[in-house]
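In: 3D model of this:
(chains A, B, C and D)
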Number of protein chains: 4
Amino acid sequence: MNSNISFHGIIAYPITPFTVDNAVDLPTYRHLVERLVANGSHGIAPLGSTGVLPYLTDEERDAVTEATLQQVDGRVPVLVGVSHLTTAGVIRHARFAEQAGAAAVMVIPMSYWKLTDDEIFQHFDRVASAISVPIMAYNNPATGGLDMSPALLKRLLEIPNVTMIKESTGDVQRMQALRQLLGEDVAFYNGSNPLALAAFAAGATGWCTAAPNLISELNLGLYEAVQRQDLAEARQLFYQQFELLQFIVVKGLPRAIKAGLEILGQEAGQLRAPLQPLSAIDQQELRRILDRVHLPFSVG
Amino acid sequence: MNSNISFHGIIAYPITPFTVDNAVDLPTYRHLVERLVANGSHGIAPLGSTGVLPYLTDEERDAVTEATLQQVDGRVPVLVGVSHLTTAGVIRHARFAEQAGAAAVMVIPMSYWKLTDDEIFQHFDRVASAISVPIMAYNNPATGGLDMSPALLKRLLEIPNVTMIKESTGDVQRMQALRQLLGEDVAFYNGSNPLALAAFAAGATGWCTAAPNLISELNLGLYEAVQRQDLAEARQLFYQQFELLQFIVVKGLPRAIKAGLEILGQEAGQLRAPLQPLSAIDQQELRRILDRVHLPFSVG
Amino acid sequence: MNSNISFHGIIAYPITPFTVDNAVDLPTYRHLVERLVANGSHGIAPLGSTGVLPYLTDEERDAVTEATLQQVDGRVPVLVGVSHLTTAGVIRHARFAEQAGAAAVMVIPMSYWKLTDDEIFQHFDRVASAISVPIMAYNNPATGGLDMSPALLKRLLEIPNVTMIKESTGDVQRMQALRQLLGEDVAFYNGSNPLALAAFAAGATGWCTAAPNLISELNLGLYEAVQRQDLAEARQLFYQQFELLQFIVVKGLPRAIKAGLEILGQEAGQLRAPLQPLSAIDQQELRRILDRVHLPFSVG
Amino acid sequence: MNSNISFHGIIAYPITPFTVDNAVDLPTYRHLVERLVANGSHGIAPLGSTGVLPYLTDEERDAVTEATLQQVDGRVPVLVGVSHLTTAGVIRHARFAEQAGAAAVMVIPMSYWKLTDDEIFQHFDRVASAISVPIMAYNNPATGGLDMSPALLKRLLEIPNVTMIKESTGDVQRMQALRQLLGEDVAFYNGSNPLALAAFAAGATGWCTAAPNLISELNLGLYEAVQRQDLAEARQLFYQQFELLQFIVVKGLPRAIKAGLEILGQEAGQLRAPLQPLSAIDQQELRRILDRVHLPFSVG
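Out: Numbering: from 1, shown residues only, chains lettered A, B, ... in the order given. From the prediction side, this is the model:
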């Protein structure tokens, strides 16, 4: 495995909580980040989809970036999401993240208009030449609206500081094709929660997930069982958390994680409209699922 | 047909041109708007997908809105796109458009996270209660990332100033189902260029399209033939323009319209990255298609 | 339009009724065919999907072919479905149909394994060289499991007696692309009921449909209104029948037509398992739709 | 695991070879079956998709069934495919297979018309009550044309002798949902070659595959590594065969296996039209892939 890869294992996404006045609630945010670090996450990834990055102003994004790096304080590496619809916007945020101390930045090519492969390549190339930290190229057609083929992802790796790939199509065959094409020396990361076991079996270096906000012990346990090659234990731990992983994906991560945190007695702030809280029925269902997980949750 | 509907026929989308310094090029923009009005368009719709609305800052959007209303100067009604990822953002832009003199505003619920039907309804409801002008609810899963069912669109019409529906799934069966569900008194608009003939046959009140930037006479001619019930002439005119309509959709409207304008000898400015000009091969193909259309293009 | 094309307008599919002993019920079948001819259909197409062709033995197919030609007795042209999973099977049935007096045969390339374009071409080519009557190449991925591109359909027309194309993808854009590619001299037929109006607007020569079993007057009325270029009347007649057309497609033609015939007081025989009658709720829904159609149905 | 389940591990599909006169080539067939048994397959499954079951007459299917059971002669259990479009047809073939000595039969609900869940349930129920051997219910929308939900598959297990499920959607999330719903006591089998590793990780009891015709040692090696919980070895063996597994699926199993057998120096007979041999380019590609696999292939 490439020696300059700082990310592995469980890379946790915090949510971005808001106050009742629709401002980012930084004290609550820092508490949630602290909880993820304290619970043993191997990395922290602010401003992903879970962190509702596209709903934040430039200034709010800066504040969240700084708060994360201050709170984590070097205990684990931080991967900052810096995506923006325009190339100029990504560069602005990537520079800020680098200066603030991010170990790497994550870029998903967001589309309104579908971009050609050449447009995507130039987008990454311009961003990469404006910063020095490594870039994780992130493929998630369900949120970003663009599907990057394994061939395009391989081409992106020709750019010197594009060194990591995160795959979130939810199709393990795609992940396998990527691993086949890139070879075993390129680190790839899984961003699809219901594929946690299959992706580790296929050779993923890490799992980027919002689930540690709710069930960090199960997430870490699965990773450790795979490391020990204890497939029976990994399978048992996976099916124990599978229902929850499906639920948070189907209901949307920011809404489902906020509801789950509150069920666990944690402060989680408000959502920003148009996002609305889970319905009462969905909250009951989530409570039922969390009860069935049967694990003592440590409170950060 | 509802008497307070001001839009019908050919509602033209201008592109948003940029300077070499990546600023909005307002003089070129006003020239392009003038051309669309002069060529006979029945309405002007700035800040749609064609106008790369999601790539503009708030201030740039304000400037484009004002420039459009000043240039059109009441000759035809103006429909301003005011979509934003957050509800607060839509309200801000809708209020600006109303004050600037827009006849109506167009709202597409943009997604990063998929929104529930209730979230979409509340999004529209809050926007509607903040303004007095009519709202056109716009369904276009390919760009907005959300697909609103006919049933949800019908529910949106319960909000007093949501009075128009624009459908751009590209599926005429969906449009027919919508017309069936809403009844013939609700105006629906077609936003899918290759469905121009089928949508008029199905009863659409208007066609929202970027094509008049390149072939306004064919677009207007099709509408007029349908009005005269001259189906043979409408079909002939449709197939004359069908290849171009397919091309501009497949290649992306901002890129294809800019290239077409330049082929026609018009100034069209720069694109904003990540968008890049059409490849040389695509430009040749477009030139070939425009040559085949065989019509003298009037220059605005 | 090509002078040797014998099919136009409303080409009606009879169902294949069975006795309680699971044999083909030929007397009931002949009565149903007679009714379609008497009601004014411009052509009869036995052994299509509606006629559950894939559920019949070779001998049953022969008997249905003969019964149809005897009953129709030259009053309108007959288009016999001769599809089979193997090439040898199609040839066997195509020869039988030709000898029995079919004006043309219809071939849908049925798949279990997806066939390549070359395999499909050779399949049609071998069949065509074994008979002298014209062939209608039929594209319907939803039942046949294979989707033939416009380019492949064009290639099939190079085979001398492949002279007609029937398109049933349900996508009017596909139909338009086909018409554009083939030119206006090639007859294409619509096999998608909910596209009846859009397909005629796009230039279809005929509509192959099971609907005349239930609402022949509306089907014929729509065709005639289009012929007269009375678009307003065509649109009104289309929306009058649209709900029924959607219902019979969604519920499956053999089951829905059988249920509809019984509601109209017609004998329709049994279905062959695994097909089962519509549920009681679906039958009520169909009765409600047929009541709303508000037309006096003539009984054959 | 349920004690009356006789199938596990690698369950191999033979192809059905034809003579130049388009008859089933039984001597070659028996040689190919012998080779699969000799190479260590844990079960033999004739008359699957690989065996082109839908292209055979009833009599040919009987002959293949008998030849298989005679050749295998009790060394490993035989799972006979008995699917047919009609319910009566399945019963006929299931009874024949039972009488001939099949350990179990496999039924995929083949569609021309999409069947409702109730129709599928009754189809299985009638077949099950006509025989005494266990039934494996097989879900493969790509060939059968019908997609059975996990809920429907669970319902089928209420029928006493429906005891095994085979899943071939190619989506490991579906397989996991099935395992979650059915519990760990129900045996499920993987029929999707590119999911071999992911499915075993998810808990599959066996892998039904045509690959042992070409690379039995790699297939068996993967299964054994998983049994030993040697995940690193399993992953290495999986990626060694992944390219071949993808190739045979994309090109179609009967065509790809025949070509591969010939490259390995085995007699594989003719295909039945409309199936045609792989193109010369595809054959070269397959030779290249087989060369890269770098294993000494034992010849049966």
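
In: what ranges do the strands span in chain A?
Out: Under the criterion DSSP state E, chain A contains strands at A:9-12, A:43-44, A:79-81, A:104-107, A:135-139, A:162-167, A:187-190, A:206-209.

In: counting contacts, what elements does the third one pack onto?
Out: By that I understand strand A:79-81. helix A:87-100, strand A:104-107 (3 or more C-beta pairs under 8 Å, 6 or more residues apart in numbering or on different chains; DSSP states H and E). Every residue, glycine included, has its C-beta placed from N, CA and C.

In: residue of the stretch 51-200 of chain A closest to chain D, please.
Out: Proximity of the stretch 51-200 of chain A to chain D (C-beta to the nearest C-beta) peaks at A:Ala198, 4.1 Å away.

In: need the contact list for that residue.
Out: A:Val172, A:Met175, D:Val172, D:Gln176, D:Ala198, D:Ala201, D:Ala202 (C-beta atoms under 8 Å, 6 or more residues apart in numbering or on different chains).

In: tabulate the residues you listed (TSV), appending distance to A:Tyr13.
Out: Below are those laid out as TSV (distance: C-beta to C-beta, whole Å):
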residue	distance to A:Tyr13
A:Val172	21
A:Met175	19
D:Val172	23
D:Gln176	22
D:Ala198	24
D:Ala201	24
D:Ala202	25
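
In: out of those, which are inside helices?
Out: Of the positions in these, A:Val172, A:Met175, D:Val172, D:Gln176, D:Ala198, D:Ala201, D:Ala202 sit in helices, assigned by DSSP state H.

In: right, and the second one touches A:Ala202 too?
Out: Read it as A:Met175. Yes - counting by C-beta atoms under 8 Å, A:Ala202 is a contact partner of A:Met175 at 5.3 Å.

In: can you show me the helices along the stretch 151-300 of chain A?
Out: Taking DSSP state H, counting those that start in this stretch, the helices of the stretch 151-300 of chain A run over residues A:172-182, A:196-202, A:212-227, A:231-251, A:253-263, A:280-293.

In: any idea how far the spatially most central residue of chain A lies from chain C?
Out: Chain A has A:Cys208 as the residue nearest its centroid, 4.3 Å off, counting by C-alpha atoms, centre = their mean. From A:Cys208 across to chain C, the span is 36 Å (C-beta to the nearest C-beta, to the nearest Å).

In: so that residue touches A:Ala45, yeah?
Out: Yes - counting by C-beta under 8 Å, A:Ala45 is a contact partner of A:Cys208 at 5.8 Å.

In: mind listing the shared neighbours of these two?
Out: Common neighbours of A:Cys208 and A:Ala45 (C-beta under 8 Å, 6+ apart) are A:Ile11, A:Tyr13, A:Leu79.

In: may I see the PyMOL selection of the buried members of the residues you listed?
Out: Buried members of the shared contacts of A:Cys208 and A:Ala45, defined by 16 or more other C-beta atoms under 10 Å in any protein chain shown, are picked up in PyMOL with:
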select buried, chain A and resi 11+13+79
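
In: in JSON lines: the shared contacts of A:Cys208 and A:Ala45, plus distance to C:Ala268.
Out: Below are the shared contacts of A:Cys208 and A:Ala45 laid out as JSON lines (distance: C-beta to C-beta, whole Å):
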{"residue": "A:Ile11", "distance to C:Ala268": "62"}
{"residue": "A:Tyr13", "distance to C:Ala268": "59"}
{"residue": "A:Leu79", "distance to C:Ala268": "65"}
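
In: which among the strands of chain A is found nearest to D:Leu85?
Out: Shortest distance between D:Leu85 and the strands of chain A, using C-beta to C-beta, is found for strand A:162-167: 39.6 Å.

In: state the mean pLDDT of the closest one.
Out: For strand A:162-167, mean pLDDT rounds to 96.

In: got any ranges where chain A has weak pLDDT?
Out: Residue ranges of chain A with pLDDT under 70: A:1-5, A:294-300.

In: for chain D, what are the nearby residues on it?
Out: Residues of chain A lying near chain D by C-beta under 8 Å from any C-beta of the partner chain: A:170-173, A:176-177, A:179-180, A:194-195, A:197-198, A:201-203, A:226, A:229-232, A:234-235, A:239, A:242-243, A:246.
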